[in-house]
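Enquirer: predicted structure and sequence below. I'll ask about it afterward.
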Amino acid sequence: MPSPTDTLLAAAALLDSAPALYAGLDDTALLEAQRTLGRLSQVVARHGVAVAGEVTRRSAPERGPEGLAQASGHRTPAALIQGLTGMSAPEAVQLVAVGSLPAESPLAVPEPLRKPHT
């Protein structure tokens, strides 16, 4: 069974090769592709929050220099995430803040998305 990272890399490679294919879609398929990409974007965002929460947990101050962020050469979990993703500092700080919310918080991991009205 492939690791989660292997699965993510395979999905990214597949999507990297796809943009030229959209020009050949009929209108219905094009709209479905847009709808599906919106859903995918939201799913990826939820996973980003979950991973940021785990990075933050493993970078807890009590772990000191052996915490994940400091051991990776970064002062904070947000700085580590910024370095890994290329996102802005405010975006990384927000991702860490949401990822650090308790699991029972309704903001921590949104409910699965419902199919939008057509």
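Expert: Nice, thanks for sending it over.
Enquirer: which helix runs longest in this structure?
Expert: Under DSSP state H, the helix in the chain containing the largest number of residues is helix 27-58.
Enquirer: now do the contacts for the spatially most central residue of the chain.
Expert: When the chain is reduced to its mean C-alpha position, the closest residue under C-alpha atoms, centre = their mean turns out to be residue 48, at 2.3 Å. When contacts are counted by C-beta atoms under 8 Å, 6 or more residues apart in numbering, residue 48 touches 95, 99. Every C-beta, even on glycine, is put in place using the N, C-alpha and C of the backbone.
Enquirer: relative to residue 62, how far out is it?
Expert: Counting by C-beta to C-beta, to the nearest Å, the separation of residue 48 from residue 62 is 25 Å.
Enquirer: and residue 42, by the same measure?
Expert: Residue 42 sits at a distance of 33 Å from residue 62 (criterion: C-beta to C-beta).
Enquirer: okay, those two: which has more neighbours?
Expert: In this comparison of residue 42 against residue 62, neighbours counted by other C-beta atoms under 10 Å, the higher total goes to residue 42 at 13 against 6.
Enquirer: so how far is residue 91 from the more buried one?
Expert: Here the criterion is C-beta to C-beta. By it, residue 42 lies 16 Å from residue 91.
Enquirer: could you do residue 85 as well?
Expert: Using C-beta to C-beta, which is the criterion applied here, residue 85 is 8 Å from residue 91.
Enquirer: now residue 97
Expert: Using C-beta to C-beta, residue 97 is found at 11 Å from residue 91.
Enquirer: go on, residue 29?
Expert: Counting by C-beta to C-beta, the separation of residue 29 from residue 91 is 32 Å.
Enquirer: residues in contact with stretch 83-100?
Expert: 48-57, 74, 76-79, 81-82, 107-108.
Enquirer: again, but for stretch 55-75
Expert: 76-77, 79-81, 83, 96, 99-100.
Enquirer: which of the residues in that stretch are buried?
Expert: The neighbour-count criterion (16 or more other C-beta atoms under 10 Å) identifies 55-56, 59, 67-70, 74 as the buried residues of stretch 55-75.
Enquirer: now swap in stretch 39-58 and tell me
Expert: Neighbour-count burial for stretch 39-58, counted by 16+ other C-beta under 10 Å, picks out 46, 48-49, 51-53, 55-56.
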